[in-house]
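J.: After the sequence you'll find the predicted model.
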Amino acid sequence: MTELLEPAARASTQETLTDQIFKKIQSAIVSGEIAAGSKISEPELARVYGISRGPLREAIHRLEGQKLVERTAHVGARVVSLSHQQLRELYQIRENLEGLACRLAAQSIDKQQILNLRDVLHLHAQDPDFKEGKGYYLQEGQDDFHYCIIKNCGNKTLEKMLCDELYHLIRMYRVQYSKTPNRPHRALSEHLHILNAIAEGDAELAELLMRRHIAASYRNIEQHFI
């Protein structure tokens, strides 16, 4: 009986190991620890993280699916590095889709969801680094204001596009350019105004404020390309 269980146990361990290394490399790319445009060296990453090539390759494949890593013929895998034009296009998509998410949320959100969003912004405001002006609080998933709005918009196709397909690519640029002086406190103020519009059911204003917020974020990033 023990021998029959061993392959399954090994598969479970392998899957867990892949998940762990995937999250570590994902975090390193999003934070900029592994720089945009860097070549992905499997031997080097295997050495740094103390992992075999099998789980590492699976993790890299998953990162390709998140658009954080791209593979080119005769070159190999590299961390994605968007051109100025590609970044502009990404933010045009983001501005329109997240604006729509706010419009939809304002039309359907309930009181408990509003309270949850206020708790998220309170968490952001209490972050020590934010208070010291070192950057905006940018944890992922349920601690991310943008993510939570999209999850509450009621449109599953929109949710898939913004919370799955594009989320970590967008987040990479959000995180790496979040420390521009004065931008963090302006961003929190903009978030609060967006939430107030959603809470009041003003779909048109909520969409407009989110679009303006994302446009301001893009202008902040664009300064680094000039």
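T.: Perfect, thanks for sending it. As the structure is a prediction and not an experimental result, all values here were calculated from the model.

J.: For the protein, which segments count as strands?
T.: Ranges of strands within the chain are 69-72, 76-79, based on DSSP state E.

J.: Compare these and report which one is nearest to A36.
T.: Judged by Cβ to Cβ, the one of the strands of the chain that comes nearest to A36 is strand 76-79, at 5.4 Å. Glycine gets a C-beta too; all of them are placed from N, C-alpha and C.

J.: Stretch 162-173: which residues count as buried?
T.: L162, C163, L166, Y167, H168, L169, I170, R171, M172, Y173 (16 or more other Cβ atoms under 10 Å).

J.: what's the third one in contact with, if anything?
T.: For L166, the contact set (Cβ atoms under 8 Å, 6 or more residues apart in numbering) comprises K67, L90, I93, R94.

J.: quick one: low-confidence ranges for the protein?
T.: 1-15, 225-226 (pLDDT under 70).

J.: and the spatially most central residue of the chain, what is it in contact with?
T.: Residue closest to the average C-alpha location in the chain (Cα atoms, centre = their mean): R171, at 3.1 Å. Applying Cβ under 8 Å, 6+ apart, one finds that R171 lies in contact with V30, L138, E140, D144.

J.: From the contacts of L166, keep the buried residues only.
T.: Under a neighbour-count criterion of 16+ other Cβ under 10 Å, the subset of the contacts of L166 counted as buried comprises K67, L90, R94.

J.: Out of those residues, which comes closest to D127?
T.: If you rank the buried ones among the contacts of L166 by distance to D127 using Cβ to Cβ, R94 comes first, at 23.2 Å.

J.: Do I have it right that that closest one meets L169?
T.: No. Between R94 and L169 no contact is recorded; they are 9.9 Å apart, counting by Cβ atoms under 8 Å.

J.: Which residue ranges of the chain form helices?
T.: Using DSSP state H, the helices of the chain run over residues 2-31, 42-49, 53-65, 84-108, 111-126, 128-131, 145-151, 156-160, 167-176, 183-199, 203-222.

J.: Dump the ones you listed to JSON lines, plus distance to T72.
T.: Listed next are those as JSON lines, based on distance: least, Cβ to Cβ, whole Å:
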{"stretch": "helix 2-31", "distance to T72": "17"}
{"stretch": "helix 42-49", "distance to T72": "15"}
{"stretch": "helix 53-65", "distance to T72": "11"}
{"stretch": "helix 84-108", "distance to T72": "15"}
{"stretch": "helix 111-126", "distance to T72": "38"}
{"stretch": "helix 128-131", "distance to T72": "36"}
{"stretch": "helix 145-151", "distance to T72": "30"}
{"stretch": "helix 156-160", "distance to T72": "26"}
{"stretch": "helix 167-176", "distance to T72": "17"}
{"stretch": "helix 183-199", "distance to T72": "33"}
{"stretch": "helix 203-222", "distance to T72": "24"}
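
J.: No further questions, thank you.
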